[in-house]
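Novice: Have a look; sequence and predicted model below, questions after that.
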Amino acid sequence: MKFYTISLLLSIFGAIAVVSCVRFDDSNNYGSFIKSVCKKYSCGGVIIGFTTEHQSFQRTSIWYATSRILFDNGVAVLFLNYEEVKKKLNAHVARMNRLLVILVIDNTDAIYDLESMIRNLNMGKATWMMLFRRDTGATSNWTGLIGRVYRNEADIGVADVLMLPERHKAVYFSVPMITGAYHVYFKKLEQSNVSWNAYFKVFTVGVWLTIIGLILTMPILLTVMQINIKKHDLFSRFCEEYLCIWGIFCQQGWIDFANETPVQILQLSISLTALLIYIVYATLMTSVIAVSSSFRPFTTLEGFVADGTYKFIVLNESIFYNRYKRSNETLFKGMMSLMKPRHLLPTTYPEGFKQVCNERVGFYANEIAMKFYRHSLSCNTISITAGPQETMALILPKGSDLINIVNYYIQRFKYNGMLRRLEKKYTGSSEPEISHHSPVHLQEITPVVFVLFVGIIVTSIIFAFEILYFCRKIRQRRSINERIRISIRIKL
């Protein structure tokens with residue numbers, strides 16, 4: 001995301017130091033990193049140089065753990081200050097084969113000490129590595145890129161730095177260059193996730209109870225109105241009217257349309273009511289199913305927390321980790337409970353999106369980052385909005401005379417379209433993506449198929465009972481007829 005801002009700056013300035021910060025976590029104790037370097041260059045020993053012999057207890061513990069890792073892998077380690085490195089380098093080179101010299105740079109003064117040390121030093125006798133460490137001394141609590149700009153170690157900081165009130169007290173921000181909302185990105189489901197209760201969400205519970213009440217009471221009313229007109233068994237007549245009413249609500253016609261005016265009015269009212277309910281249900285169901293049936297595993301952050309099957313990740317050492325960790329809001333606490341361990345969090349956006357494609361995680365990232373890296377993703381992603389619009393800009397030290405120059409050229413490049421062209425260059429095509437309609441899978445119509453299957457089973461059971469009932473009736477009639485014949489023969 002920094003590429004086009006760096007290109008922009010290089011087109012404005014020539015001799016100004018531009019710094020892009022890369023984080024290095026001290027909790028790794030540097031051991032694995034130095035071990036990999038030794039393995040690559042086949043070094044037989046390591047000299048680690050500091051600007052001073054006095055280290056804090058925390059720093060001493062870290063370097064002790066680092067030396068243990070190297071000793072366990074057969075690599076000798078020696079800790080010296082810069083002056084001792086300069087005096088004893090030749091002697092140690094003669095004793096150790098392929099020596100690796102690591103110079104730890106804590107601040108700007110260390111760079112000046114390094115310059116004076118290597119002025120008359122033959123550096124071709126060993127492999128050299130500079131290790132820049134974050135400074136969290138008493139001068140400020142700012143670390144990383146903001147800390148270096150705050151201490152005037154760099155003239156401009158180039159990164160996606162959020163414009164926050166507390167940061168305005170430490171550094172200058174240029175005019176906003178990037179604006180985008182934050183989302184939680186998930187891997188897009190291969191099949192649409194259809195909620196079974198979505199078919200019942202069309203109406204409220206009260207409406208469903210009213211419809212069921214109509215289906216149950218209308219047969220009773222029709223039976224009472226026709227009981228004196230048609231002499232039938234009361235229960236049989238009620239069952240017949242009930243099946244007829246049920247058929248009307250299933251968009252079937254009346255089997256027997258009555259001749260009596262009151263009954264005709266009631267039948268017409270029932271038909272119009274059923275038709276109106278059907279039209280409203282079909283219309284609302286289309287929108288409800290379209291919303292409920294999506295390729296999103298979740299539609300809200302509350303649903304993400306309630307599900308609990310996905311992990312949550314943010315960029316390691318970012319402000320968002322501390323924001324979620326220190327928040328007292330219930331939602332943020334729930335998301336923090338799903339946060340991966342800190343050592344497993346990604347350090348860059350590509351690492352985060354890679355975890356999204358390979359694991360069940362939700363990645364909190366800016367939509368601008370997705371725009372830059374979407375073409376390199378190995379899967380399709382989908383997101384839910386998780387934060388407001390945030391603005392990002394360049395940072396400069398307080399009191400810098402360059403702030404007006406930087407703001408002038410940024411505004412100028414905004415007006416003539418240069419920023420837009422750079423964004424298109426690094427984000428790819430700006431044409432809107434064409435949505436492709438995927439075929440319907442069996443899982444998406446499972447509720448409908450289930451209802452149809454249950455209906456077939458119930459119908460088959462009722463049909464089997466009817467066959468048994470009529471068979472029994474036929475046998476009874478045959479038995480009665482046989483008895484009548486026998487009695488007639490006896491009388492004759």
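Specialist: Structure received.
Novice: so how far is the host helix or strand of P447 off the chain centroid?
Specialist: Here P447 is covered by helix 446-491, with elements defined by DSSP states H and E. For helix 446-491, the gap between its own C-alpha mean and the chain's C-alpha mean amounts to 59 Å (Cα atoms, centre = their mean, to the nearest Å).
Novice: Give me the mean pLDDT for that helix.
Specialist: Here the mean pLDDT over helix 446-491 is 81, rounded to a whole number.
Novice: and A393, that one's in a strand?
Specialist: Yes: the assignment for A393 by DSSP: H, G, I helix; E, B strand; the rest coil puts it in a strand.
Novice: What residues of stretch 383-393 count as buried?
Specialist: Using 16 or more other Cβ atoms under 10 Å as the burial criterion, the residues of stretch 383-393 that qualify are S383, I384, A386, E390, M392, A393. Bear in mind the C-beta positions are built from the backbone N, C-alpha and C, glycine included.
Novice: which secondary element of the protein has the worst mean pLDDT?
Specialist: Ranked by mean pLDDT, DSSP states H and E, the helix or strand of the chain with the weakest confidence is strand 18-19, at a mean of 41.
Novice: Show me what the following helix or strand past that strand is packed against.
Specialist: In the C-terminal direction, the helix or strand that comes right after strand 18-19 (DSSP H and E) is helix 31-41. In terms of contact count using 3 or more Cβ pairs under 8 Å, 6 or more residues apart in numbering; DSSP states H and E, helix 31-41 is assigned the packing partners helix 57-72, strand 99-105.
Novice: To L315, which of the ones you listed lies closest?
Specialist: Each of the helices and strands packed on helix 31-41 was scored for nearness to L315 using Cβ to Cβ, and the closest is helix 57-72 (22.7 Å).
Novice: give me the low-pLDDT residue ranges for the stretch 1-150 of the chain?
Specialist: Within the stretch 1-150 of the chain, the ranges that satisfy pLDDT under 70 run 1-29, 52-58, 107-109, 122-123, 133-141.
Novice: Phi and psi next, for L162.
Specialist: phi -70, psi 140 (degrees, to the nearest 10).
Novice: Counting neighbours, what do you get for it?
Specialist: L162 is surrounded by 17 other residues when neighbours are defined as other Cβ atoms under 10 Å.
Novice: That one contacts E390, doesn't it?
Specialist: Yes: proximity of L162 to E390 meets the contact threshold set by Cβ atoms under 8 Å, at 5.5 Å.
Novice: on that earlier part again, do you know which of the helices and strands packed on helix 31-41 lies nearest L468?
Specialist: The stretch from these with the least distance to L468 (Cβ to Cβ) is helix 57-72; that distance is 81.5 Å.
Novice: now the closest one and helix 31-41, what's the angle there?
Specialist: Using axes from the mean of the first three to the mean of the last three Cα atoms, to 10 degrees, the inter-axis angle of helix 57-72 relative to helix 31-41 is 40 degrees.
Novice: Which residues are in contact with R167?
Specialist: Each residue near R167 by Cβ atoms under 8 Å, 6 or more residues apart in numbering is listed here: I146, V161, F173, I395.
Novice: Among the residues you listed, which lie within strands?
Specialist: Secondary structure assignment by DSSP state E places V161, F173, I395 of those in strands.
Novice: ok, back up a step: quick check: the two most widely separated of the contacts of R167?
Specialist: Looking across these, with Cβ to Cβ as the criterion, the two at the greatest separation are I146 and F173, at 10.6 Å.
Novice: okay, and the common contacts of those two?
Specialist: Overlap between the contact sets of I146 and F173, as judged by Cβ under 8 Å, 6+ apart, is given by V161, R167, I395.
Novice: Quick check: which ranges of the stretch 151-300 of the chain have low pLDDT?
Specialist: If you take pLDDT under 70 as the line, the stretch 151-300 of the chain has these spans: 190-198, 227-233, 255-259, 288-297.
Novice: scratch that, the stretch 301-450 of the chain
Specialist: Across the stretch 301-450 of the chain, the stretches falling below the confidence threshold (pLDDT under 70) are 428-445.
Novice: Can you show me the helices along it?
Specialist: Secondary structure of the stretch 301-450 of the chain (DSSP state H, counting those that start in this stretch): helices at 301-307, 319-326, 330-337, 349-358, 367-373, 403-415, 418-427, 446-491.
Novice: Any idea which of those helices gets closest to G253?
Specialist: Taking Cβ to Cβ as the measure, these were each checked against G253, and helix 446-491 came out nearest at 19.3 Å.
Novice: what helices or strands is the closest one leaning on?
Specialist: By contact count (3+ Cβ pairs under 8 Å, 6+ apart), the secondary structure elements abutting helix 446-491 number zero: no helix or strand.
Novice: re earlier: from the contacts of R167, which is closest to S378?
Specialist: Checking those against S378 by Cβ to Cβ gives V161 as the nearest, at 29.0 Å.
Novice: how many neighbours does the nearest residue to that closest one once chain neighbours are set aside have?
Specialist: Once flanking residues are discounted, V161 sits nearest to I395: 5.2 Å by Cβ to Cβ, 6 or more residues apart in numbering. Using other Cβ under 10 Å, I395 has 26 other residues around it.
Novice: Tell me what I395 is bridged to.
Specialist: With DSSP bridges applied, the residues forming beta bridges to I395 are G157, F173.
Novice: tell me the contacts of it?
Specialist: L145, I146, V149, I156, G157, V161, R167, V171, Y172, F173, S174.
Novice: picking that back up, the helices of the stretch 301-450 of the chain: which one's closest to I178?
Specialist: helix 367-373 (5.4 Å).
Novice: So which elements touch the closest one?
Specialist: Using 3+ Cβ pairs under 8 Å, 6+ apart as the contact criterion, the secondary-structure elements in contact with helix 367-373 are strand 178-187, helix 349-358, strand 381-397, helix 418-427.
Novice: Let me see the contact set for the residue nearest to L78 when sequence neighbours are not counted.
Specialist: Take L78 and drop its neighbours on the chain: the residue closest to it by Cβ to Cβ, 6+ apart is I47, 5.0 Å away. Contacts here follow Cβ under 8 Å, 6+ apart; on that basis I47 touches V77, L78, F79, L80, V85, L89, H92, L99, L100, V101, I102, A126.
Novice: And for T51, the neighbour number?
Specialist: The burial count assigned to T51 is 20, neighbours taken as other Cβ under 10 Å.
Novice: what do you get for G74?
Specialist: A total of 8 residues lie near G74 under the criterion other Cβ under 10 Å.
Novice: Phi and psi next, for it.
Specialist: Main-chain torsions, G74, degrees, to the nearest 10: phi 80, psi 20.
Novice: The residue lying closest to L214 once chain neighbours are set aside is in what secondary structure piece?
Specialist: The shortest distance from L214 to any non-neighbouring residue, by Cβ to Cβ, 6+ apart, is to T273 (6.9 Å). Taking DSSP H and E as the definition, T273 sits inside helix 261-292.
Novice: Need the max-distance pair from the contacts of I395.
Specialist: Of all pairs drawn from the contacts of I395, the one with the longest distance (Cβ to Cβ) is I156 and R167, at 15.1 Å.
Novice: which SS class is F298?
Specialist: The local conformation at F298, judged by three-state DSSP, is coil.
Novice: quick one, what contacts the residue lying closest to it once chain neighbours are set aside?
Specialist: In this structure, F298 finds its nearest non-sequential neighbour in F304, 4.4 Å apart by Cβ to Cβ, 6+ apart. F304 sits next to V184, P297, F298, Y310, F312, M335, L338, G362, I384 when contact means Cβ under 8 Å, 6+ apart.
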